[in-house]
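Enquirer: Okay, sequence plus prediction incoming.
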Amino acid sequence: MTAVALTAKNAGMVSCHACGLLVKARSLHHGHGSCPRCGGALHLRKANSIARCWALLIAAAICYIPANVLPIMTVISFGEGEPDTIVSGVKALIAVGMYPVAILVFFASIFVPVLKLILFTFLLISVQTKSAWRPRDRTVMYRIAEAVGRWSMVDIFMISILAALVKLGSIATIEPGAGAGFFAAVVVMTMFAAMAFDPRLIWDAMENEDD
């Protein structure tokens, strides 16, 4: 016997994104309204969720190329220095024995952005194909991608702080490169993609499966 997945939509309810309150869907006007508890916006499904998420995801993927090709930072010491990309920066940190920092930069600047792009691409395709494969696991994937995405800003914060503090003229200077701007754009757009994606669409396929 197959278990029926009861969703809030099937039960005639809609959840508030801000406080989690369940509100009767019939109280909404054309599928939109305000939460009676916190005043947040209520809607049965986020408008154009898939299209907006795809647009942000594709833009982030395009920006990720120059973010890795262009220099992200230039360290000038006693008049000498050369620009570093994200990958060359990780290699340089490993070469000088700063393994914890190298791991942090690799995780925040390479692993997390790629993970988010892959996970959201998979989620979007699964939703558009109305896949009923492991909706609970896909919901967990969404939560992981949403939670870890902000940690990619660690690299940008580090560059900003170093560029502001290390201003010692000919002795030592750190200057941000063009790649930093593109990388910041990748992080911001993937965060907006996570906000645009409606995880409730994952469970809509279960309703169709049960019909």
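Expert: Received the coordinates, thanks.
Enquirer: Excluding chain neighbours, what is closest to A60?
Expert: Nearest in space to A60, with sequence neighbours left out and distances taken as CB to CB, 6 or more residues apart in numbering, is M189 at 4.0 Å. C-betas here are computed from N, CA, C, even on glycine.
Enquirer: So for the particular helix or strand that has that neighbour in it, mean pLDDT?
Expert: Using DSSP states H and E, M189 sits within helix 178-196. Here helix 178-196 scores 90 as its mean pLDDT.
Enquirer: and if you look at stretch 82-89?
Expert: 82.
Enquirer: List the buried residues of the lengthiest helix in the chain.
Expert: Longest helix in the chain by number of residues (criterion: DSSP state H): helix 49-69. The neighbour-count check on helix 49-69 (16 or more other CB atoms under 10 Å) flags 49-50, 52-54, 56-57, 59-61, 63-64, 67-68 as buried.
Enquirer: what does stretch 182-191 give?
Expert: So for stretch 182-191, counting by 16+ other CB under 10 Å, buried means 182-191.
Enquirer: Kindly report the same for stretch 123-133.
Expert: Those buried within stretch 123-133 under the rule 16+ other CB under 10 Å are 123-124, 126-127, 131-132.
Enquirer: Which of those residues fall within helices?
Expert: 123-124, 126-127.
Enquirer: picking up where we left off before, can you redo the buried residues of helix 49-69 as TSV with pLDDT and distance to D198?
Expert: Output for these, formatted as TSV (pLDDT from 0 to 100; distance: CB to CB, whole Å):
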residue	pLDDT	distance to D198
S49	90	4
I50	92	8
R52	94	10
C53	95	9
W54	96	13
L56	95	14
L57	95	14
A59	96	19
A60	95	18
A61	95	21
C63	95	24
Y64	93	24
A67	91	27
N68	89	30
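Enquirer: Any regions of the protein where pLDDT drops low?
Expert: Applying pLDDT under 70 to the chain flags residues 1-10, 29-31, 76-81, 155, 158-160, 162-174, 206-211.
Enquirer: can you give me the strands in it?
Expert: Secondary structure of the chain (DSSP state E): strands located at 13-15, 22-24, 32-34, 41-43, 73-77, 83-84, 172-176.
Enquirer: Can you add mean neighbour count and distance to I156 and give these back as TSV?
Expert: Below are the strands of the chain laid out as TSV (neighbours: other CB atoms under 10 Å; distance: least, CB to CB, whole Å):
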stretch	mean neighbour count	distance to I156
strand 13-15	19	33
strand 22-24	13	38
strand 32-34	14	35
strand 41-43	16	30
strand 73-77	17	10
strand 83-84	18	15
strand 172-176	17	9
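Enquirer: I'd like to know which of the ones you listed lies nearest to F157.
Expert: strand 172-176 (11.7 Å; CB to CB).
Enquirer: on that earlier part again, and the residue nearest to A60, what is it in contact with?
Expert: Contact partners of M189, counting by CB atoms under 8 Å, 6 or more residues apart in numbering, are 56-57, 59-60, 63.
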